[in-house]
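Chemist: Fold the following, please.
(one chain, ligands or ions: 1)
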Amino acid sequence: MAKLYFRYGAMGSSKTANAIMVQYNYQERGQNALMLKPRLDNRDGARVVGSRSGLTAPCRFVEEMDEFDLSAYNCIIVDEAQFLTKAQVQRLVDIVDDMDIPVICYGLRADFRGNLFEGSHWLMAWADTIEEIKTVCWCGRKATTNARLLNGRVVKSGEQIVLGGNESYVALCRKHWAKGELAPEEIRRISAGKEAYMPLLLEADPSEAMIRSYLDDSEFYALIARGRCVAVAVVLALGDGAFELKNLAVEEACRAQGYGSRLVRYLIRQLGGQADRLVVGTSPANVGFYERLGFVREGAIPHFFRDNYPEPIYEDGVALDDMITLSIKL
Ligand SMILES: [Zn+2]
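Modeler: As a prediction, this is how the structure comes out:
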């Protein structure tokens, strides 16, 4: 007997990554799992599901599912199932009961106001198996709610679905959602959507071409204070037991408050198990900053700034020329 599953979790609980893994497991056994997601007007026009960890997989829209022969599939996986309508959940129930095909739905339970989504409501009501995928709030408690952030603040009113808006979401425990309290300060590793940080990255490295040359292959960390990204760091594995700090940028209004130092200290701890050295190339004005963190001067790359940037970069009125290299043992 096939079953209808509803696997729910807050934002960032790896639901999509989980869905992609399940599809992969079917494929590995020589079976076919169909990946679906509901189509929302204007949003997510592409037939692809993508997780925060950077995994992606092609998919079809739920609205299209009757256009092809579902009996060719051993399983149907639905991502973003909270956006299903009651009628669509009913259709999935019929597929399970009449065609004996298991259907696994992944979605959020409640919206940013604390109300059930339509799809989640009917999946909660009708699914054979309901499972929670857990994630944690910044305080360490289980995150059960999805806070909507607008300009770094938790908002509790507005439309359930905003198309093309600039809101973002963060998973919080019920208490911190109710109080609207975001992490005082947290560092997150960012795998998808690094491009969005380009304006901040350009503050530390004025060449977009240069940034693009390392961005995709690098590890990216963001320091978020009360819901706002105030500093980012980009490190690249050099392959010889060393990581290079390629970019360290702090929002202009937030400089001289220790954010940059805390981010670098975090990197030193974080990268410790993976490499034995962290190296950085910088301009003369920043040498003191790195030395205070324990970096030791190694040497200089003559004319690096003059040779690699189309425009001169001025620091304290002087055009940069040689790049100074420093390193610290991890
Ligand atoms: Zn909390």
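Chemist: going forward, measure contacts and count neighbours with C-alpha atoms only.
Modeler: OK.
Chemist: which residue is nearest the middle of this structure?
Modeler: Nearest to the mean C-alpha position of the chain, by CA atoms, centre = their mean, lies R52 at 3.7 Å.
Chemist: I figured that one hits S13, correct?
Modeler: No - R52 is beyond contact range of S13, at 9.4 Å (criterion: CA atoms under 8 Å).
Chemist: Which single residue in the stretch 201-330 of the chain comes nearest to the ion?
Modeler: Of all residues in the stretch 201-330 of the chain, R226 sits closest to the ion, at 12.8 Å by CA to the ion.
Chemist: Can you report how many residues lie near that residue?
Modeler: Applying other CA atoms under 10 Å, we find 16 residues neighbouring R226.
Chemist: before we move on, what about the one 4 residues further on?
Modeler: Here the number of neighbours of V230 (other CA under 10 Å) works out to 21.
Chemist: State the distance from it to G193.
Modeler: V230 sits 16 Å away from G193, going by CA to CA, to the nearest Å.
Chemist: Also C139?
Modeler: The gap separating C139 from G193 is 25 Å, by CA to CA.
Chemist: Check V232 too.
Modeler: Applying CA to CA to V232 and G193 gives a distance of 13 Å.
Chemist: Same check on V296?
Modeler: Using CA to CA, one obtains 33 Å as the distance from V296 to G193.
Chemist: and these two? which has more neighbours close in?
Modeler: Using other CA under 10 Å, the more surrounded residue of V296 and G193 is V296, with 16 against 10.
Chemist: what is the more buried one paired to in the beta sheet?
Modeler: For V296, the beta-bridge partners are S327 (DSSP bridges).
Chemist: Give me every residue in the stretch 51-200 of the chain lying close to the ion.
Modeler: Within the stretch 51-200 of the chain, the residues that sit near the ion (CA under 5 Å from the ion) are 137, 139, 173, 176.
Chemist: how many other residues sit next to the last one?
Modeler: Same thing as H176. 20.
Chemist: please renumber so the chain begins at 757
Modeler: Renumbered: residue one is now 757, and that last one reads H932.
Chemist: Next, the buried residues of the helix or strand where it lies.
Modeler: Element membership for H932 (DSSP states H and E) is helix 930-935. For helix 930-935, burial by neighbour count (16 or more other CA atoms under 10 Å) applies to 930, 932-933.
Chemist: what's the closest of the residues you listed to the ion?
Modeler: Closest approach between these and the ion, by CA to the ion: H932, at 4.7 Å.
Chemist: quick one: pLDDT of the closest one?
Modeler: With respect to pLDDT, H932 scores 95.
Chemist: Quick check: nearest residue in space to it, chain neighbours excluded?
Modeler: Among residues not flanking H932 along the chain, L938 sits closest, at 7.1 Å (CA to CA, 6 or more residues apart in numbering).
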